[in-house]
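1. structure, please.
(one chain, ligands or ions: 2)
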Amino acid sequence: MASKGDFHTHSTASDGVLSPAELVDLAASQGVRYHALTDHDSTEGIAEARAAAARHAGYTLIPGVEMGTDIEGAEVHMLGLCLSPDDEELQVLLRRLRAGRVGRGFGIVEKLRGLGIMITWERVQEIAGEASVGRPHIAQALVEGGYVPKVADAFDRWIGRNGPAYVERDKMTPAESVRCIVERGGMACLAHPADLHDLDALLAELTAAGMAAMEVFYKDYATETVERLRQTAERHGLLPLGGSDYHGIFGNDEPLPGNIPLPDSAIERFLDAAARLPNRDLVR
Ligand SMILES: [Zn+2]
Ligand SMILES: [Zn+2]
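-> Ligands and ions are numbered 1, 2, ... in the order given. Model prediction:
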């Protein structure tokens with residue numbers, strides 16, 4: 001079951017529980033030899049992961065990121081593999097993605113205040129603490145203020161998709177993220193695609209934008225799902241990759257890094273493709 005590759009993991013640089021160094025040590029101890037660190041909208045963990053990687057013989061760290069993008073009615077996550085954290089243009093884009101979440105929260109609070117719901121942005125930030133502000137924090141402020149009895153009511157009444165105080169994120173489309181990843185010399189890989197509607201149409205658009213890979217061997221996908229996605233990837237000329245999406249927060253059922261059915265042949269195909277990337281020197 002365990003694979004020598006894992007192309008999707010998270011550390012404390014986003015919402016994972018292990019520090020980048022602890023994550024690298026864990027992956028290496030599981031026999032992972034090709035390991036991508038892909039934190040949400042951030043490459044802040046790469047430097048520490050690289051330093052830890054140097055302690056493990058035969059282990060290769062692939063610097064990456066997982067970008068949150070939007071299509072009508074759904075979120076699409078795009079993995080960018082072989083990206084340099086020292087790339088200033090990449091950092092500008094990641095800051096924009098991170099700020100989108102803050103800007104949205106602030107916009108929702110402003111709209112609520114316009115509707116006479118006088119919660120404050122300061123209080124919402126306090127509730128969020130270290131975490132990046134999301135709608136659940138605003139919902140909590142609404143409960144606290146006595147405007148709704150429960151968090152779920154806040155979504156139903158005010159801040160859900162059809163609510164009067166709903167604000168869209170500052171959107172980046174998946175195709176935009178693909179073009180950025182390719183322009184920055186890396187490889188774009190669609191993350192956990194099983195539940196996306198009209199996948200074939202989306203893949204046609206994203207391969208045209210330069211996407212080269214798709215997650216097939218993902219965490220807990222059933223055998224039939226893996227087989228369906230493997231055929232879909234083949235049909236679109238995409239490399240079949242995969243990862244554990246390890247966060248360390250889902251309890252004992254969460255597969256450890258490398259505990260995915262990713263075959264050696266997929267790793268070899270990735271290495272061949274990576275050797276032709278502008279950023280090929282980053283895979284080491
Ligand atoms: Zn994701
Ligand atoms: Zn993830």
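
2. check which helices and strands the lowest-mean-pLDDT helix or strand in the chain sits against.
-> In the chain, the helix or strand scored least confidently by mean pLDDT, DSSP states H and E is helix 88-114, which has a mean of 89. Applying 3 or more C-beta pairs under 8 Å, 6 or more residues apart in numbering; DSSP states H and E, one finds that helix 88-114 contacts strand 60-71, helix 121-128, helix 135-144. In short, each C-beta sits where N, CA and C put it, glycine included.

3. just the buried residues of it, please?
-> By neighbour count with 16 or more other C-beta atoms under 10 Å, helix 88-114 contains the buried residues 90, 93-94, 97-98, 100-101, 104-109, 111-112.

4. apart from its neighbours in sequence, what residue is nearest residue 89?
-> residue 184 (6.6 Å; C-beta to C-beta, 6 or more residues apart in numbering).

5. from what I can see the one you found touches residue 85, true?
-> No. The criterion here is C-beta atoms under 8 Å, and residue 184 misses it with residue 85 at 10.9 Å.

6. out of the two, which sits in the busier spot?
-> Neighbours were counted for residue 184 and for residue 85 using other C-beta atoms under 10 Å; residue 85 has more, 20 against 17.

7. list the contacts of the residue of the chain at minimum distance from ligand 2.
-> Going by C-beta to the ion, ligand 2 is nearest to residue 245 of the chain, at 4.3 Å. When contacts are counted by C-beta atoms under 8 Å, 6 or more residues apart in numbering, residue 245 touches 8-10, 191-192, 218-219.

8. now do the same for it: its pLDDT.
-> Looking at residue 245, its pLDDT stands at 96.

9. quick revisit: mind listing what the residue nearest to residue 89 touches?
-> Applying C-beta under 8 Å, 6+ apart to residue 184 gives the contacts 80, 83-84, 87, 89-90, 279.

10. OK, contacts around residue 133?
-> Neighbours of residue 133 in contact, by C-beta under 8 Å, 6+ apart: 101-102, 105, 124-125.

11. what do you get for residue 68?
-> 40-41, 75, 77, 97, 172.

12. just list whatever residues bridge to it.
-> residue 77 (DSSP bridges).

13. burial count for residue 251?
-> Each residue near residue 251 was counted by other C-beta under 10 Å, and the total is 6.

14. would you quantify the distance from it to residue 208?
-> For residue 251, the distance to residue 208 equals 40 Å [C-beta to C-beta, to the nearest Å].

15. with residue 198 instead?
-> Residue 198 is 15 Å from residue 208, where distance means C-beta to C-beta.

16. and what of residue 47?
-> In terms of C-beta to C-beta, residue 47 sits 34 Å off from residue 208.

17. out of these two, which sits in the more crowded spot?
-> Taking other C-beta under 10 Å, residue 47 and residue 208 do not tie; residue 47 has more neighbours (14 against 10).
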